[in-house]
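*Asks:* Kindly generate the corresponding structure for this input.
(2 chains)
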Protein chains: 2
Amino acid sequence: MTITGFTGAGLDRADHLRLDPGRLAALMAHEEARLLRLAELDPVLDEEGRLAWEGFAADAGDCLFLGLDEGVPLFAPLVRTAALGQRAWSVFRLLAMMSARDAAIWGAARSVNEWHNRHRFCSVCGNESEVFRAGWGRKCPACGAEHFPRVDPVVIMLAEHGDRVLLGRQPQYPAGRYSALAGFVEPGESIEEAVARELMEEAGVAVRDVRYVTSQPWPFPGQLMIACLATAESDALQLDANELEDAFWASRAEVEAALAGDPAARFLAPPAFAIANTLLARWSAGE
Amino acid sequence: MTITGFTGAGLDRADHLRLDPGRLAALMAHEEARLLRLAELDPVLDEEGRLAWEGFAADAGDCLFLGLDEGVPLFAPLVRTAALGQRAWSVFRLLAMMSARDAAIWGAARSVNEWHNRHRFCSVCGNESEVFRAGWGRKCPACGAEHFPRVDPVVIMLAEHGDRVLLGRQPQYPAGRYSALAGFVEPGESIEEAVARELMEEAGVAVRDVRYVTSQPWPFPGQLMIACLATAESDALQLDANELEDAFWASRAEVEAALAGDPAARFLAPPAFAIANTLLARWSAGE
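*Replies:* Numbers count the residues shown, from 1 in each chain, chains lettered A, B, ... in the order given. A predicted model of the protein is given here:
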C-alpha cells in the first residue's frame, strides 16, 4: 500500500505527559532531548538531507512536545512569525527530498506553529492567551477558555465516469498541473455530503456512491485531507470560474503517463507528498 | 444502507450566494423565506413534531443562510447565548422524535451558532469581529482576518478481536451505556494514525488494518465523526482511567441484543442519531 504524505512519524505523542509539568520538565532535562531546527516555519536539513536537530537548551522558550522517539523526547520551537500563508511553494522542493517520516514530524510542528501564530488571542473574550499542554493548546488567563489546535477536514475526490476521472486546475497551480477537486467540510455535513456538494458547486457534476480511499494531514496550514472516489451521473461539466480555471476527464492512460512523469503527458501530476497523487495512483492501480 | 445521524438535510447551500449582498437581500425579501425557531440553541418542534419555522422579518438581525429548499430560502437566527456546552442531554429526547432531515438542518444551525458564540473576538488581534458570508464566517474590522466555522474531525472506532468488538464507557454516560472509543484527530496525523493512537492511549490496544466505515456531523458543538473498524493485535486491555470508566469486548450477540433494545442486553446502545449506533449496526450486519 502506498504511504500517504506527512504520515509515518512513528512518535509516541504521549498525550498523558502534556499536562504533567513535573514529567515535562524531566523530559526537557533529558540529556538526549532534541529540538527541531526551523527557518521561520520551514524545515532545515542537514548535509544528508535529514531534519536538523539541536540539543535542548533550558532557555528554549515556548516549545511543542512532539513526542517520544524510542524514549527520546523531541520538541519543536514555537516561533513567532509573520511568515504565514496558504502554501509555501519553496518548501515543496525540500519536501520532495525529505523522507516520509521527516516530512510528517516537520508537518506537525509547522501546523501547530501556524495555529499559535493565528490564535494568540482568546476568541471568547479577546484577551491574549497563553501556551499550555506542552504546546498542544492555549489557555486564556482572563476567562479561562481552553483552545486546541484546529484541524480542518477537507474532502478531495475523483469523480469517475466510465474509465475516466475528473481533474481540474486552479489559477495558482504551476503550469500544466491538474489535480483532484477539493473543498472544506462544513458544519452539518458528512464526508459523503461534502464530496457531492463540492463536485456540484465546482464542476456541476452530480455523483452517487462516494467511497473513502485514504487520508493524510496537510500542513499548509493544518488540514486533514480525506480522499474519496465518487461515481458521476454524467460527464457534462459546468465549471465555477471562481474555483477552477479548467477541468477535464482524464483517461487511465493519461493518468498513468502523468504519474510516471512522462514529459509528453497531458498534465503534470501533483507531487508525491500530496494526497491527490496517492488517490490517482490508487485509482490507476484499480485499488 | 443505514442513514447516519444529522445527514440528509438535502438543502442547496448555494455557497456562491453567501458573498453576494444583493442576491442575499433578495433571498431575505423572498415572500416564502423562513426563519428557524430556536429556544436558545435547542430545536423548537410544532404540534406534528417537525421543526418550527416562522416568516422572515426584516429586523431579524444577524442570520445564517442555511440554503435553498427547492428554491425557498431558509435561515436560522444567530443567537447570542451563554447556553453553550459539550452536550445537551435534554435535547437528545427531542432528537429521538425528529426526522433525520430536521435533525440535520437543526444540527448545522446549532454548530454555527455555537461557533459564533465562542469566536466573537479575532484570534489574530483580539478585536471584536463581525459576521460575514451570510453567517458562514466572521471578519475582523481591525486586522482584516477572516475566520470560518470550525469543524473538528473525530475518529470513533471499534477494535475487532475475533468476533468481538471493544466498547467503553465514560463516567458521564447514562447508566448502562457503552459505546465505541473516540478521540480528536490532531495536527500531523491521518485518520488511520489517529485511530491507532486513541486505541493505544485509552485502552492499550495495538491495531492494524484500519478501515473507514462512514461519517456524520455531530452538533455538540461541531465535530465531523469518522467511524472506523480496526483489527486488534490482542484482547488485553490497559485502560486510561482519565478517559474510560470501564471497557469490555462485546460479542455479536451482545451487540445485537443492545441494538434491538432488549432489556436483558449487557449494555445500553448509543442512540440512533449517534454514529456509534450506525457503526455497531454495520459491524453487526457484517458490512
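
*Asks:* where's the residue of the stretch 151-287 of chain A found nearest chain B, which helix or strand?
*Replies:* The nearest approach of the stretch 151-287 of chain A to chain B comes at A:Gly188, 2.5 Å away (Cβ to the nearest Cβ). No exception for glycine: its C-beta is placed from N, CA and C like everyone else's. In the assignment (DSSP states H and E), A:Gly188 maps to no helix and no strand.

*Asks:* which residues touch it?
*Replies:* Applying Cβ atoms under 8 Å, 6 or more residues apart in numbering or on different chains, one finds that A:Gly188 lies in contact with B:Phe6, B:Ala9, B:Ala104, B:Ile105, B:Gly107, B:Ala108, B:Ala109, B:Ser111, B:Val112, B:Pro217, B:Pro219.

*Asks:* Next: A:Glu186.
*Replies:* Residues in contact with A:Glu186 (Cβ under 8 Å, 6+ apart) are A:Ala194, B:Arg13, B:Ala108, B:Trp136, B:Pro149, B:Val151.

*Asks:* swap in A:Pro217?
*Replies:* Residues near A:Pro217 by Cβ under 8 Å, 6+ apart: A:6-7, A:104, A:107-108, A:111, A:151, A:223-225, B:187-190.

*Asks:* now the residue minimising distance to the centre of chain A: how far from B:Arg34?
*Replies:* Residue closest to the average C-alpha location in chain A (Cα atoms, centre = their mean): A:Trp218, at 0.5 Å. Taking Cβ to Cβ, to the nearest Å as the criterion, A:Trp218 is separated from B:Arg34 by 38 Å.

*Asks:* do the same with A:Leu94
*Replies:* 53 Å.

*Asks:* Filter the contacts of A:Pro217 down to the ones in helices?
*Replies:* Among the contacts of A:Pro217, DSSP state H puts A:Ala104, A:Gly107, A:Ala108, A:Ser111 in helices.

*Asks:* what subset of these is also close to chain B?
*Replies:* Restricting the ones in helices among the contacts of A:Pro217 to those near chain B by Cβ under 8 Å from any Cβ of the partner chain leaves A:Ala104, A:Gly107, A:Ala108, A:Ser111.

*Asks:* Kindly tell me how buried the first one is, as a neighbour count.
*Replies:* A total of 28 residues lie near A:Ala104 under the criterion other Cβ atoms under 10 Å in any protein chain shown.

*Asks:* Just give the nearest non-adjacent residue to it, would you?
*Replies:* Nearest residue to A:Ala104 in three dimensions, chain neighbours excluded: A:Ala9, at 3.8 Å (Cβ to Cβ, 6 or more residues apart in numbering or on different chains).

*Asks:* thought that neighbour was touching A:Ala108?
*Replies:* Yes. At 6.6 Å, A:Ala9 and A:Ala108 qualify as touching, with contact defined as Cβ atoms under 8 Å.

*Asks:* Can you work out which residues contact both of those two?
*Replies:* By Cβ under 8 Å, 6+ apart, A:Ala9 and A:Ala108 have these common neighbours: A:Leu66, B:Gly188, B:Glu189.

*Asks:* so which of those residues comes closest to A:Arg164?
*Replies:* Nearest to A:Arg164 out of the shared contacts of A:Ala9 and A:Ala108 is B:Glu189 (Cβ to Cβ; 32.9 Å).

*Asks:* residues in the stretch 151-287 of chain A within reach of chain B, list them.
*Replies:* Residues of the stretch 151-287 of chain A lying close to chain B (Cβ under 8 Å from any Cβ) are A:151-153, A:184-193, A:197, A:201, A:212, A:214-217, A:219, A:222, A:224, A:226, A:240, A:242.

*Asks:* change it to 6 Å
*Replies:* By the criterion of Cβ under 6 Å from any Cβ of the partner chain, the positions of the stretch 151-287 of chain A lying close to chain B are A:151, A:153, A:185, A:187-191, A:193, A:201, A:212, A:215-217, A:222, A:224.

*Asks:* what's the model's confidence in the longest strand anywhere in chain A, averaged?
*Replies:* If you go by DSSP state E, chain A has its longest strand at strand A:207-218. Throughout strand A:207-218, pLDDT has a mean value of 97.

*Asks:* List the buried residues for it?
*Replies:* By 16 or more other Cβ atoms under 10 Å in any protein chain shown, the buried positions in strand A:207-218 come out as A:Val207, A:Val210, A:Tyr212, A:Val213, A:Thr214, A:Ser215, A:Gln216, A:Pro217, A:Trp218.

*Asks:* Would you point out the most distant pair within those residues?
*Replies:* Spatial extent of these (Cβ to Cβ) is set by the pair A:Val207 and A:Pro217 at 25.2 Å.

*Asks:* and the nearest residue to A:Ala274 once chain neighbours are set aside, how many neighbours?
*Replies:* Leaving aside its chain neighbours, A:Ala274 sits nearest to A:Gly5 (6.2 Å; criterion: Cβ to Cβ, 6+ apart). With neighbours defined by other Cβ under 10 Å, the count for A:Gly5 comes to 26.

*Asks:* okay but A:Gly5 is in contact with A:Phe273, surely?
*Replies:* Yes. The pair A:Gly5 / A:Phe273 is scored as a contact, 3.4 Å apart, by Cβ atoms under 6 Å.

*Asks:* name the element A:Glu114 belongs to?
*Replies:* helix A:100-118.

*Asks:* Would you tell me what the next helix or strand after that helix is?
*Replies:* Scanning forward in sequence from helix A:100-118 by DSSP H and E, the next helix or strand is strand A:130-132.

*Asks:* for stretch A:218-227, the distance to its chain's centre please.
*Replies:* Stretch A:218-227 has its C-alpha centroid displaced from the chain centroid by 3 Å (Cα atoms, centre = their mean, to the nearest Å).

*Asks:* how close does A:Asn277 get to A:Ala264?
*Replies:* To A:Ala264, A:Asn277 is 19 Å away according to Cβ to Cβ.

*Asks:* Between those two, tell me which one has more neighbours.
*Replies:* Neighbours were counted for A:Asn277 and for A:Ala264 using other Cβ under 10 Å; A:Asn277 has more, 20 against 5.

*Asks:* Please write out the alpha-carbon positions of the worst-scoring helix or strand of chain A on mean pLDDT in CSV.
*Replies:* The weakest-scoring helix or strand in chain A, judged by mean pLDDT, DSSP states H and E, is helix A:89-97 (a mean of 86). Extracted in CSV, the C-alpha atoms of helix A:89-97 (Å, rounded to 0.1, in the frame of the first residue of the first chain):
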residue,chain,number,x,y,z
TRP,A,89,6.0,26.7,-2.8
SER,A,90,9.7,27.0,-1.9
VAL,A,91,9.3,24.3,0.7
PHE,A,92,7.9,21.9,-1.8
ARG,A,93,11.4,21.4,-3.3
LEU,A,94,12.7,20.5,0.2
LEU,A,95,9.8,18.1,0.8
ALA,A,96,10.5,16.2,-2.4
MET,A,97,13.9,15.3,-0.9
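
*Asks:* Give me the neighbour count for A:Arg23.
*Replies:* A:Arg23 has 14 neighbours, counted by other Cβ under 10 Å.

*Asks:* give me the element it is part of.
*Replies:* For A:Arg23, the host element (DSSP H and E) is helix A:21-29.

*Asks:* pLDDT weak spots in the stretch 1-150 of chain A?
*Replies:* Applying pLDDT under 70 to the stretch 1-150 of chain A flags the ranges A:1-2, A:83-88.
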